[in-house]
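Asks: Fold the following for me, if possible:
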Amino acid sequence: MTGDSVFEKRKNRAMAIMEGRGMWPSIYAPPCHIFLWRLGIHVPPPPFSTFWTNFFSFAVVYTPFWGIVMWFIFWKSQGATLLYAATSTLIAGLVFGVIMAAFQEWRKRANHLPAWEKL
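Replies: Numbers count the residues shown, from 1 in each chain. This is a model prediction of the structure:
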C-alpha cells in the first residue's frame, strides 16, 4: 500500500467520523486544508492534527493571502510602508494560526475523536 492510499483511507475515515458526529464541513475540511490536499500535502484534517501542524497549516496559507488582500484593498492606497505591511501580516498570521490551532484542539476533545494513527 502506498503512502497516498493510506493517507486517503485515513482521511476518508476521519471525514466519515466527523460527519457522523454532526461537525460542519468548514471545521473538518476548511479551505486552507483543501488547498494543501490539492497540492499533494498529506496533512490530516484539522481536528485530527496536532496543535503545531494546525498552527503551521493555517498560518502558512492564511498569512500571504491576508497580506496580499490587505495591501491591495487598504494599505497601498493609505501609503503604508512595506515594513508596516509585512509586520502586520506576520503578526496577523501568527495570531490566526494560534487561534485556529487552539480551536481545532478544542473540537477534537469536544467530539472525543480518536488519534489519527488509530484510524
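Asks: from the chain's centre, how far out does the worst-scoring helix or strand of the chain on mean pLDDT sit?
Replies: In the chain, no helix or strand scores lower on mean pLDDT, DSSP states H and E than helix 25-28, which sits at a mean of 90. In terms of Cα atoms, centre = their mean, to the nearest Å, the centre of helix 25-28 is set 10 Å apart from its chain centre.
Asks: Give me the contact list for that helix.
Replies: 14-15, 18-19, 45-47, 104, 107 (Cβ atoms under 8 Å, 6 or more residues apart in numbering). C-beta coordinates here come from the backbone N, C-alpha and C atoms, glycine included.
Asks: in what helix or strand does the residue nearest the centre of the chain lie?
Replies: In the chain, the residue lying closest to the centroid (Cα atoms, centre = their mean) is residue 58, at 3.6 Å. Residue 58 is located in helix 51-70, with elements delineated by DSSP states H and E.
Asks: for that helix, what is the average pLDDT?
Replies: Averaged over helix 51-70, pLDDT sits at 95.
Asks: Which other helices and strands does the helix or strand that comes right after that helix contact?
Replies: Next in sequence after helix 51-70, counting helices and strands by DSSP H and E, comes helix 76-78. On a contact count with 3 or more Cβ pairs under 8 Å, 6 or more residues apart in numbering; DSSP states H and E, helix 76-78 meets no helix or strand.
Asks: Who are the contact partners of residue 17?
Replies: Counted by Cβ under 8 Å, 6+ apart, residue 17 has contacts 113-114, 119.
Asks: can the residues you listed go into TSV with extra columns for secondary structure?
Replies: Output for the contacts of residue 17, formatted as TSV (DSSP: H, G, I helix; E, B strand; the rest coil):
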residue	secondary structure
113	coil
114	coil
119	coil
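Asks: Single out whichever of those residues has the smallest pLDDT.
Replies: When the contacts of residue 17 are compared by pLDDT, residue 119 scores lowest at 90.
Asks: I'd say residue 21 and residue 111 touch.
Replies: Yes: counting by Cβ atoms under 8 Å, residue 111 is a contact partner of residue 21 at 5.0 Å.
Asks: Contact partners for the most far-flung residue of the chain relative to its centre?
Replies: Within the chain, the residue lying farthest from the chain centre (Cα atoms, centre = their mean) is residue 79, at 31.2 Å. By Cβ under 8 Å, 6+ apart, residue 79 lies in contact with nothing.
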